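K.L.:
got a structure for you, letters missing:
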(Lines give C-alpha, C1' and ligand atoms only; values in the text may rest on other atoms or scores of the structure.)
Protein backbone atom coordinates (compact mmCIF):
# COMPACT_ATOMS: atom_id res chain seq x y z
CA UNK A 1 0.00 0.00 0.00
CA UNK A 2 2.78 2.36 0.97
CA UNK A 3 4.45 1.71 -2.37
CA UNK A 4 1.22 2.52 -4.17
CA UNK A 5 0.81 5.72 -2.19
CA UNK A 6 4.35 6.62 -2.97
CA UNK A 7 3.86 6.15 -6.70
CA UNK A 8 0.53 7.99 -6.72
CA UNK A 9 1.92 10.70 -4.49
CA UNK A 10 4.51 11.58 -7.08
CA UNK A 11 1.83 12.59 -9.51
CA UNK A 12 -0.05 15.15 -7.52
CA UNK A 13 1.45 18.32 -6.11
CA UNK A 14 2.69 18.03 -2.53
CA UNK A 15 0.59 19.98 -0.05
CA UNK A 16 3.61 21.89 1.30
CA UNK A 17 4.22 23.27 -2.18
CA UNK A 18 0.60 24.30 -2.44
CA UNK A 19 0.90 26.03 0.93
CA UNK A 20 3.97 27.93 -0.19
CA UNK A 21 2.44 29.01 -3.49
CA UNK A 22 -0.74 30.22 -1.81
CA UNK A 23 1.18 32.10 0.86
CA UNK A 24 3.50 33.77 -1.62
CA UNK A 25 0.57 35.32 -3.46
CA UNK A 26 -1.37 36.16 -0.31
CA UNK A 27 1.51 37.80 1.57
CA UNK A 28 2.52 39.95 -1.39
CA UNK A 29 -1.06 41.14 -1.65
CA UNK A 30 -1.51 41.78 2.07
CA UNK A 31 1.80 43.62 2.41
CA UNK A 32 0.80 46.00 -0.38
CA UNK A 33 -2.60 46.46 1.22
CA UNK A 34 -1.20 47.21 4.66
CA UNK A 35 1.27 49.69 3.28
CA UNK A 36 -1.45 51.57 1.40
CA UNK A 37 -2.42 54.94 2.86
CA UNK A 38 -5.49 55.11 5.10
CA UNK A 39 -7.36 57.44 2.78
CA UNK A 40 -7.45 54.93 -0.06
CA UNK A 41 -10.82 53.26 0.68
CA UNK A 42 -12.55 56.62 1.15
CA UNK A 43 -11.00 58.03 -1.99
CA UNK A 44 -12.12 54.94 -3.86
CA UNK A 45 -15.71 55.49 -2.73
CA UNK A 46 -15.71 59.14 -3.71
CA UNK A 47 -14.25 58.44 -7.14
CA UNK A 48 -16.90 55.80 -7.62
CA UNK A 49 -19.65 58.28 -6.76
CA UNK A 50 -18.39 60.75 -9.34
CA UNK A 51 -18.13 58.12 -12.05
CA UNK A 52 -21.56 56.75 -11.16
CA UNK A 53 -23.05 60.17 -11.97
CA UNK A 54 -22.16 59.69 -15.61
CA UNK A 55 -21.90 55.98 -16.26
CA UNK A 56 -23.62 53.02 -14.78
CA UNK A 57 -20.93 50.88 -13.25
CA UNK A 58 -20.59 47.92 -11.03
CA UNK A 59 -19.19 48.88 -7.62
CA UNK A 60 -16.65 46.08 -7.79
CA UNK A 61 -15.34 47.13 -11.16
CA UNK A 62 -13.07 49.86 -9.83
CA UNK A 63 -9.64 48.70 -8.78
CA UNK A 64 -7.33 51.18 -7.17
CA UNK A 65 -3.69 50.54 -6.35
CA UNK A 66 -0.62 52.37 -5.27
CA UNK A 67 2.62 51.03 -6.69
CA UNK A 68 6.16 52.15 -6.62
CA UNK A 69 8.05 52.39 -9.88
CA UNK A 70 11.50 53.85 -10.27
CA UNK A 71 11.16 55.82 -7.07
CA UNK A 72 7.80 57.30 -8.09
CA UNK A 73 4.55 56.42 -6.42
CA UNK A 74 2.03 55.52 -9.04
CA UNK A 75 -1.68 55.68 -8.33
CA UNK A 76 -3.39 53.25 -10.61
CA UNK A 77 -7.11 53.32 -11.31
CA UNK A 78 -8.63 50.51 -13.24
CA UNK A 79 -12.27 50.64 -14.25
CA UNK A 80 -14.11 48.37 -16.63
CA UNK A 81 -16.89 50.30 -18.36
CA UNK A 82 -20.12 48.46 -19.08
CA UNK A 83 -20.68 46.92 -22.47
CA UNK A 84 -22.48 49.43 -24.75
CA UNK A 85 -24.29 46.76 -26.72
CA UNK A 86 -26.21 45.43 -23.80
CA UNK B 1 22.64 47.75 28.86
CA UNK B 2 19.22 46.20 29.20
CA UNK B 3 17.47 44.73 26.22
CA UNK B 4 13.74 44.42 25.79
CA UNK B 5 12.69 41.31 23.86
CA UNK B 6 9.15 40.69 22.71
CA UNK B 7 8.03 37.12 22.02
CA UNK B 8 5.14 37.42 19.61
CA UNK B 9 3.32 35.57 16.82
CA UNK B 10 -0.08 36.95 15.98
CA UNK B 11 -1.66 33.52 16.09
CA UNK B 12 -2.43 31.81 19.37
CA UNK B 13 -1.24 28.38 20.44
CA UNK B 14 2.00 28.37 18.47
CA UNK B 15 4.29 28.35 21.52
CA UNK B 16 4.85 31.95 22.59
CA UNK B 17 4.62 31.26 26.29
CA UNK B 18 6.64 28.04 26.04
CA UNK B 19 9.31 29.98 24.15
CA UNK B 20 9.24 32.94 26.55
CA UNK B 21 9.63 30.62 29.54
CA UNK B 22 12.46 28.59 28.05
CA UNK B 23 14.40 31.51 26.61
CA UNK B 24 14.14 33.48 29.86
CA UNK B 25 15.23 30.47 31.90
CA UNK B 26 18.17 29.71 29.62
CA UNK B 27 19.30 33.35 29.62
CA UNK B 28 19.26 33.32 33.42
CA UNK B 29 21.21 30.05 33.44
CA UNK B 30 23.83 31.90 31.43
CA UNK B 31 24.21 34.30 34.32
CA UNK B 32 21.98 37.09 33.02
CA UNK B 33 19.44 38.88 35.16
CA UNK B 34 16.11 38.30 33.46
CA UNK B 35 12.53 39.46 34.01
CA UNK B 36 9.78 37.78 32.03
CA UNK B 37 6.47 39.63 31.85
CA UNK B 38 3.10 38.14 30.89
CA UNK B 39 1.20 40.71 28.81
CA UNK B 40 -1.87 38.52 28.39
CA UNK B 41 -4.14 40.37 30.80
CA UNK B 42 -7.27 38.37 31.58
CA UNK B 43 -5.83 35.08 30.33
CA UNK B 44 -2.58 34.64 32.17
CA UNK B 45 -0.62 31.48 31.51
CA UNK B 46 3.04 32.20 31.97
CA UNK B 47 2.77 31.62 35.74
CA UNK B 48 1.44 28.13 35.06
CA UNK B 49 4.10 27.23 32.50
CA UNK B 50 6.77 28.52 34.90
CA UNK B 51 5.19 26.65 37.81
CA UNK B 52 4.76 29.70 40.03
CA UNK B 53 0.96 29.96 39.85
CA UNK B 54 0.56 29.60 43.60
CA UNK B 55 3.03 32.34 44.38
CA UNK B 56 1.29 35.17 42.54
CA UNK B 57 0.29 37.84 45.04
CA UNK B 58 0.55 41.00 43.00
CA UNK B 59 0.58 41.19 39.21
CA UNK B 60 1.63 43.42 36.33
CA UNK B 61 -1.59 45.45 36.40
CA UNK B 62 -1.18 46.11 40.15
CA UNK B 63 2.24 47.56 39.43
CA UNK B 64 1.09 49.58 36.43
CA UNK B 65 -1.74 51.05 38.48
CA UNK B 66 0.46 51.76 41.48
CA UNK B 67 -1.26 49.28 43.83
CA UNK B 68 1.96 47.37 44.45
CA UNK B 69 5.65 47.98 43.98
CA UNK B 70 7.60 46.15 41.33
CA UNK B 71 9.61 44.44 44.05
CA UNK B 72 6.44 43.06 45.62
CA UNK B 73 5.13 41.75 42.32
CA UNK B 74 8.25 40.14 40.88
CA UNK B 75 8.31 36.42 41.64
CA UNK B 76 11.81 35.09 42.10
CA UNK B 77 12.33 31.72 40.46
CA UNK B 78 13.49 29.04 42.88
CA UNK B 79 15.31 26.92 40.31
CA UNK B 80 17.44 29.44 38.47
CA UNK B 81 19.30 32.37 39.97
CA UNK B 82 18.54 35.76 38.45
CA UNK B 83 15.16 34.83 36.95
CA UNK B 84 12.05 36.82 37.87
CA UNK B 85 8.46 36.46 36.69
CA UNK B 86 5.83 39.19 36.52
CA UNK B 87 2.40 37.60 36.14
CA UNK B 88 -0.51 39.07 34.22
CA UNK B 89 -3.70 39.92 35.99
CA UNK B 90 -6.40 37.30 35.74
CA UNK B 91 -9.31 39.51 36.75
CA UNK B 92 -8.84 42.80 34.96
CA UNK B 93 -9.64 43.60 31.36
CA UNK B 94 -7.24 44.42 28.57
CA UNK B 95 -7.56 48.17 29.04
CA UNK B 96 -5.92 47.99 32.46
CA UNK B 97 -2.53 48.39 30.77
CA UNK B 98 -1.46 51.79 29.55
CA UNK B 99 1.53 52.74 27.47
CA UNK B 100 2.85 55.10 30.17
CA UNK B 101 2.37 52.45 32.85
CA UNK B 102 4.18 49.79 30.84
CA UNK B 103 6.99 52.21 30.08
CA UNK B 104 7.38 53.01 33.78
CA UNK B 105 7.67 49.32 34.68
CA UNK B 106 10.18 48.64 31.90
CA UNK B 107 12.27 51.65 32.89
CA UNK B 108 12.25 50.57 36.51
CA UNK B 109 13.44 47.08 35.51
CA UNK B 110 16.23 48.67 33.48
CA UNK B 111 17.28 50.76 36.47
CA UNK B 112 17.30 47.64 38.63
CA UNK B 113 19.98 46.21 36.39
CA UNK B 114 18.01 43.59 34.48
CA UNK B 115 19.94 42.45 31.40
CA UNK B 116 16.89 41.17 29.59
CA UNK B 117 13.22 42.04 29.85
CA UNK B 118 11.22 39.40 28.01
CA UNK B 119 7.69 40.43 27.07
CA UNK B 120 5.37 37.46 26.45
CA UNK B 121 2.78 38.86 24.06
CA UNK B 122 -0.86 37.82 23.96
CA UNK B 123 -2.21 36.43 20.68
CA UNK B 124 -3.86 38.77 18.23
CA UNK B 125 -2.97 42.26 17.13
CA UNK B 126 -5.03 44.19 19.68
CA UNK B 127 -3.85 46.58 22.35
CA UNK B 128 -2.15 43.97 24.56
CA UNK B 129 -0.06 42.65 21.68
CA UNK B 130 0.80 46.17 20.54
CA UNK B 131 1.89 47.19 24.04
CA UNK B 132 4.02 44.05 24.37
CA UNK B 133 5.98 44.92 21.24
CA UNK B 134 6.02 48.71 21.50
CA UNK B 135 9.16 49.04 23.64
CA UNK B 136 11.04 46.10 22.10
CA UNK B 137 14.64 46.23 20.95
CA UNK B 138 14.44 42.73 19.54
CA UNK B 139 11.54 40.54 18.51
CA UNK B 140 11.31 36.78 18.56
CA UNK B 141 8.54 35.77 16.20
CA UNK B 142 7.25 32.29 16.98
CA UNK B 143 5.78 30.52 13.96
CA UNK B 144 4.48 27.04 13.17
CA UNK B 145 5.12 25.65 9.68
CA UNK B 146 1.47 26.05 8.80
CA UNK B 147 -0.34 28.55 6.55
CA UNK B 148 -2.36 30.55 9.06
CA UNK B 149 0.56 30.90 11.47
CA UNK B 150 2.87 32.14 8.70
CA UNK B 151 0.29 34.64 7.55
CA UNK B 152 -0.27 35.98 11.07
CA UNK B 153 3.48 36.22 11.66
CA UNK B 154 3.80 38.29 8.53
CA UNK B 155 1.10 40.59 9.86
CA UNK B 156 2.86 40.98 13.21
CA UNK B 157 6.13 41.74 11.38
CA UNK B 158 4.31 44.53 9.56
CA UNK B 159 3.16 45.94 12.89
CA UNK B 160 6.68 45.72 14.34
CA UNK B 161 7.94 47.67 11.35
CA UNK B 162 5.27 50.35 11.63
CA UNK B 163 4.07 50.69 15.20
CA UNK B 164 6.96 49.92 17.53
CA UNK B 165 8.78 52.77 19.23
CA UNK B 166 11.95 51.92 17.32
CA UNK B 167 10.05 52.19 14.04
CA UNK B 168 8.47 55.47 15.06
CA UNK B 169 11.91 56.84 15.82
CA UNK B 170 13.14 55.78 12.39
CA UNK B 171 14.96 52.65 13.52
CA UNK B 172 14.04 49.01 13.38
CA UNK B 173 13.37 46.22 15.85
CA UNK B 174 15.72 43.33 15.20
CA UNK B 175 13.62 40.35 14.13
CA UNK B 176 14.30 36.67 14.77
CA UNK B 177 12.28 33.65 13.72
CA UNK B 178 11.73 30.67 15.99
CA UNK B 179 10.01 27.87 14.14
CA UNK B 180 8.22 25.54 16.55
CA UNK B 181 6.38 22.22 16.23
CA UNK B 182 8.64 21.27 13.37
CA UNK B 183 8.26 17.75 12.06
CA UNK B 184 11.17 16.80 9.76
CA UNK B 185 9.56 13.61 8.49
CA UNK B 186 6.47 15.47 7.36
CA UNK B 187 8.69 18.09 5.75
CA UNK B 188 10.53 15.34 3.89
CA UNK B 189 7.20 13.89 2.78
CA UNK B 190 6.26 17.27 1.35
CA UNK B 191 3.41 17.64 3.82
CA UNK B 192 4.81 20.51 5.86
CA UNK B 193 6.45 23.81 4.96
CA UNK B 194 10.21 23.51 5.40
CA UNK B 195 12.30 25.94 7.44
CA UNK B 196 13.64 27.36 4.17
CA UNK B 197 10.11 27.90 2.89
CA UNK B 198 9.12 29.85 5.99
CA UNK B 199 12.33 31.90 6.05
CA UNK B 200 11.78 32.64 2.39
CA UNK B 201 8.17 33.69 2.85
CA UNK B 202 8.76 35.91 5.87
CA UNK B 203 12.24 37.11 4.83
CA UNK B 204 13.50 37.07 8.39
CA UNK B 205 16.57 35.62 10.07
CA UNK B 206 16.14 32.10 11.52
CA UNK B 207 17.09 31.90 15.17
CA UNK B 208 16.19 28.27 15.60
CA UNK B 209 13.90 25.34 14.98
CA UNK B 210 12.17 23.51 17.81
CA UNK B 211 11.01 20.01 16.86
CA UNK B 212 7.48 18.92 17.66
CA UNK B 213 7.86 16.96 20.87
CA UNK B 214 5.94 15.23 23.62
CA UNK B 215 8.37 16.73 26.07
CA UNK B 216 6.84 20.21 25.69
CA UNK B 217 3.49 18.99 27.01
CA UNK B 218 5.18 16.98 29.75
CA UNK B 219 7.07 20.08 30.83
CA UNK B 220 4.00 22.29 30.92
CA UNK B 221 2.08 19.59 32.81
CA UNK B 222 4.61 19.81 35.59
CA UNK B 223 5.21 23.56 35.44
CA UNK B 224 8.83 23.37 34.37
CA UNK B 225 10.12 25.34 31.40
CA UNK B 226 10.99 22.63 28.86
CA UNK B 227 14.55 23.91 28.62
CA UNK B 228 15.16 22.45 32.09
CA UNK B 229 14.46 18.93 30.77
CA UNK B 230 18.01 19.01 29.50
CA UNK B 231 18.27 15.69 27.70
CA UNK B 232 15.27 16.35 25.45
CA UNK B 233 15.48 17.63 21.88
CA UNK B 234 13.21 20.58 22.65
CA UNK B 235 15.47 21.69 25.52
CA UNK B 236 18.57 21.34 23.37
CA UNK B 237 16.87 23.36 20.64
CA UNK B 238 16.08 26.18 23.07
CA UNK B 239 19.61 26.12 24.48
CA UNK B 240 20.95 26.48 20.93
CA UNK B 241 18.52 29.32 20.31
CA UNK B 242 19.76 31.25 23.33
CA UNK B 243 23.37 30.56 22.42
CA UNK B 244 22.75 32.02 18.96
CA UNK B 245 20.78 34.91 20.40
CA UNK B 246 23.80 35.83 22.49
CA UNK B 247 25.99 35.79 19.41
CA UNK B 248 27.33 32.24 19.46
CA UNK B 249 27.72 30.22 16.28
CA UNK B 250 25.78 26.99 16.59
CA UNK B 251 24.73 24.76 13.71
CA UNK B 252 21.00 24.21 13.29
CA UNK B 253 19.85 20.83 14.53
CA UNK B 254 16.70 18.70 14.54
CA UNK B 255 16.09 19.32 10.85
CA UNK B 256 16.38 15.72 9.76
CA UNK B 257 14.32 12.66 10.50
CA UNK B 258 15.59 10.56 13.30
CA UNK B 259 17.20 7.51 11.72
CA UNK B 260 15.64 4.43 13.22
CA UNK B 261 17.57 1.22 13.38
CA UNK B 262 15.85 -2.03 12.54
CA UNK B 263 15.50 -2.91 16.20
CA UNK B 264 13.85 0.38 17.02
CA UNK B 265 11.62 0.11 13.99
CA UNK B 266 10.36 -3.26 15.20
CA UNK B 267 10.21 -2.73 18.93
CA UNK B 268 10.72 0.97 19.67
CA UNK B 269 8.07 3.60 19.72
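P.N.:
Thanks, I have it. Everything numeric in this text was worked out from a predicted model, so none of it was measured. Residues are numbered from 1 along each chain as shown, chains lettered A, B, ... in the order given.
K.L.:
quick one: the helices in the chain?
P.N.:
Because you didn't say which chain, this covers chain A. Here chain A has its helices, by DSSP state H, at A:2-11, A:15-35, A:40-54.
K.L.:
Actually, chain B is the one I wanted.
P.N.:
Assigned by DSSP H, the helices in chain B fall at B:16-29, B:46-49, B:60-64, B:70-73, B:99-111, B:127-134, B:147-163, B:165-168, B:184-188, B:195-202, B:214-221, B:233-245, B:262-267.
K.L.:
pLDDT value on the residue in chain B that chain A sits nearest to, please?
P.N.:
For chain B, the residue closest to chain A is residue B:190, as judged by C-beta to the nearest C-beta, at 3.0 Å. Yep, even glycine has a C-beta here, placed from its N, CA and C like the rest. Listed pLDDT for residue B:190 reads 94.
K.L.:
and it, how many residues sit next to it?
P.N.:
Using other C-beta atoms under 10 Å in any protein chain shown, residue B:190 has 16 other residues around it.
K.L.:
Look up how far residue B:236 lies from the closest residue to chain B within chain A.
P.N.:
Of all residues in chain A, residue A:14 sits closest to chain B, at 3.0 Å by C-beta to the nearest C-beta. Applying C-beta to C-beta, to the nearest Å, the value for residue A:14 to residue B:236 is 29 Å.
K.L.:
Below-threshold pLDDT in chain A: ranges please.
P.N.:
Along chain A, the parts satisfying pLDDT under 70 run over A:1-12, A:84-86.
K.L.:
Give me the residue at the spatial middle of it.
P.N.:
Closest to where the C-alpha atoms of chain A average out (C-alpha atoms, centre = their mean) is residue A:29, at 6.6 Å.
K.L.:
any idea how far residue B:193 is from that one?
P.N.:
Taking C-beta to C-beta, one finds residue A:29 at 19 Å from residue B:193.
K.L.:
show me what contacts the residue of chain B closest to chain A?
P.N.:
Neighbouring residues of residue B:190 by C-beta atoms under 8 Å, 6 or more residues apart in numbering or on different chains: A:9, A:14, A:15, A:16, A:17.
K.L.:
How about the third one: what's its closest non-neighbour residue?
P.N.:
When you say that, I think you mean residue A:15. Nearest residue to residue A:15, sequence neighbours excluded (C-beta to C-beta, 6 or more residues apart in numbering or on different chains): residue B:191, at 5.5 Å.
K.L.:
for that neighbour, what are its contacts?
P.N.:
Applying C-beta under 8 Å, 6+ apart, we find residue B:191 in contact with A:14, A:15, A:16.
K.L.:
List just the nearest of the residues you listed to residue B:112.
P.N.:
Distance to residue B:112, by C-beta to C-beta, is smallest for residue A:16 among those, at 46.5 Å.
K.L.:
Give me the neighbour count for the closest one.
P.N.:
19.
K.L.:
Return the residues of the stretch 101-250 of chain B in contact with chain A.
P.N.:
By the rule C-beta under 8 Å from any C-beta of the partner chain, the part of the stretch 101-250 of chain B lying against chain A is B:146-147, B:150-151, B:154-155, B:158, B:162, B:187, B:189-194, B:197, B:200-201.
K.L.:
wait, isn't residue B:36 in contact with residue B:46?
P.N.:
Yes: contact between residue B:36 and residue B:46 holds when scored by C-beta atoms under 8 Å: they sit 6.7 Å apart.
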